[in-house]
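# Sharing a sequence plus its predicted fold:
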Amino acid sequence: MTKFLRSIPLAAMLASSTAFGALAAEVDTIAVLTPEQGSDFGWNQQGVDAARAAAEATGVEIIVAEGLGYGDVRAPLRELAAEGADLMIAHASGYNTAAPEIAEETGVAVAIVDTPTAIKKGLIADYTLSGHEGAYLAGVLAAKMSRTGTVGIVVSGEPPSWNSQSAGFAQGVKAENADVDVLYAVIGPAAYSDAAGGNRVTTSVIAAGADIIFGQGNGSSFGMIQAVETNKATDGGDVLFIDVIGDKSSLDKGHLLTSVVWDMTPVYTAMIEDLRADTFGTKSYAISLADGSVSLLETPQVDADAWAAVMEMKDRIVAGDITVDAIFDAEEVRALVTVTE
């Protein structure tokens with residue numbers, strides 16, 4: 001039997017005296033499932049942390065099932081349903097087939113990613129999130145700070161969320177300086193935890209001229225960072241790294257330029273509230289610059305004038321003066337960049 005980490009927020013103990021107390025019995029336990037440990041400073045950690053915060057905010061108990069890998073998760077989903085989970089957040093694109101099947105089998109609601117066509121009222125919700133607005137700003141920053149006139153995008157796969165950020169980054173680069181070349185390399189079709197592959201592919205992109213790398217990779221991002229730290233750009237200077245979703249500044253050795261940081265707490269909170277209100281599985285969820293669920297991380301490596309210009313552009317996006325389209329299709333992304341590996 002798989003062992004899961006269960007926690008009960010203080011708010012859950014007080015739920016009977018809150019405004020939502022009458023409904024809390026209908027949704028009193030949620031679970032989050034992640035393929036890797038919730039300590040990767042990225043996709044897995046942000047998912048676990050956000051689920052815990054949403055549980056605290058809504059007064060429900062949470063079960064954390066982490067490090068499940070990218071294979072068949074039907075067994076742990078069944079176990080979580082049997083343990084009393086009212087909502088199971090399947091936090092990996094590789095879970096978007098098994099989770100709906102188990103939802104149909106057990107009647108327990110699930111949330112999946114990258115499959116908006118699978119939604120079903122009361123049972124299946126999709127949260128194909130996009131940090132494309134933040135990635136656009138990161139692209140503008142990269143174009144402003146590149147010395148070689150070449151930047152790179154390295155991805156561990158081409159799921160919709162990665163694609164939208166790749167496209168946003170490329171569009172931001174070109175909007176700032178159309179002469180900057182954007183190289184694009186894919187480690188593998190689902191190489192999310194392939195750190196060695198991340199190192200190899202990033203090294204090749206640096207050798208091709210990139211002095212700033214925009215990396216999207218989960219565990220493979222640590223290999224990307226290793227390549228950035230151990231290779232020089234073609235002009236002999238340092239290479240900088242732009243991360244996504246989490247904050248790796250505590251691990252930085254002087255190469256982290258910024259990160260497109262996500263906060264999924266509002267999304268998970270809305271899911272719980274929607275399940276209680278009988279609107280779960282009827283709407284899309286989004287993150288954005290406007291509500292702070294997407295933001296850029298400022299580091300010591302950022303040029304002050306470039307940062308000020310990017311923050312001014314952020315305000316224009318929030319105000320609606322600049323619109324950044326979300327592009328989820330991999331072929332459309334490839335049309336915007338120079339494909340390498």
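Alright, I've got the coordinates.
# For the stretch 101-250 of the chain, just list every one of the helices.
Assigned by DSSP state H, counting those that start in this stretch, the stretch 101-250 of the chain shows helices spanning 132-145, 160-176, 195-207, 221-230.
# Tell me the helices and strands packed up against the first one.
When you say that, I think you mean helix 132-145. Judged by 3 or more CB pairs under 8 Å, 6 or more residues apart in numbering; DSSP states H and E, helix 132-145 is in contact with strand 150-155, helix 160-176, strand 212-216, strand 240-245, strand 256-262, strand 294-296, helix 304-319. The way it works is simple: take the backbone N, C-alpha and C, and place the C-beta from them, glycine included.
# rerun that using 6 Å as the cut-off
Based on contacts counted as 3 or more CB pairs under 6 Å, 6 or more residues apart in numbering; DSSP states H and E, the elements that helix 132-145 packs against are helix 160-176, strand 256-262, strand 294-296, helix 304-319.
# Make CSV from these and add mean neighbour count to it.
Shown next, in CSV, are the helices and strands packed on helix 132-145 (neighbours: other CB atoms under 10 Å):
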stretch, mean neighbour count
helix 160-176, 25
strand 256-262, 25
strand 294-296, 23
helix 304-319, 14
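# out of the helices of the stretch 101-250 of the chain, nearest to residue 296?
Between residue 296 and these, the shortest gap by CB to CB is with helix 132-145, which sits at 5.6 Å.
# contact partners of that closest one?
Judged by CB atoms under 6 Å, 6 or more residues apart in numbering, the contacts made with helix 132-145 from elsewhere in the structure are 151, 164-165, 168-169, 171-173, 176-177, 180, 212, 242, 258, 260, 289, 294, 296, 303, 306, 310, 314, 317, 324, 326.
# Recalculate using a threshold of 7 Å.
Residues lying outside helix 132-145 but in contact with it, judged by CB atoms under 7 Å, 6 or more residues apart in numbering, are 151, 164-165, 167-173, 175-177, 180, 212, 214, 242, 258, 260, 288-289, 294-296, 303, 306, 309-310, 313-314, 317, 324, 326.
# that older thread, with mean pLDDT added, can I get the helices and strands packed on helix 132-145 in TSV?
Converted to TSV, the helices and strands packed on helix 132-145 look like this (pLDDT from 0 to 100):
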stretch	mean pLDDT
helix 160-176	97
strand 256-262	98
strand 294-296	98
helix 304-319	98
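# So for residue 187, which of the ones you listed sits nearest?
Shortest distance between residue 187 and these, using CB to CB, is found for helix 160-176: 11.1 Å.
# Alpha carbons of that closest one, in CSV - could you do that?
Output of helix 160-176 as CSV, limited to C-alpha atoms (Å, rounded to 0.1, in the frame of the first residue of the first chain):
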residue,chain,number,x,y,z
PRO,A,160,0.9,22.9,-24.2
SER,A,161,2.1,24.8,-21.1
TRP,A,162,5.7,24.7,-22.3
ASN,A,163,4.7,25.6,-25.9
SER,A,164,2.9,28.7,-24.8
GLN,A,165,5.8,30.0,-22.8
SER,A,166,8.3,29.1,-25.6
ALA,A,167,6.1,31.1,-28.0
GLY,A,168,5.7,34.0,-25.6
PHE,A,169,9.5,34.1,-25.0
ALA,A,170,10.2,34.1,-28.7
GLN,A,171,7.7,36.8,-29.4
GLY,A,172,9.1,39.0,-26.6
VAL,A,173,12.7,38.6,-28.0
LYS,A,174,11.6,39.6,-31.5
ALA,A,175,9.4,42.5,-30.3
GLU,A,176,12.5,43.9,-28.6
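# got the angle for it vs strand 240-245?
Calculated by axes from the mean of the first three to the mean of the last three CA atoms, to 10 degrees, helix 160-176 forms an angle of 140 degrees with strand 240-245.
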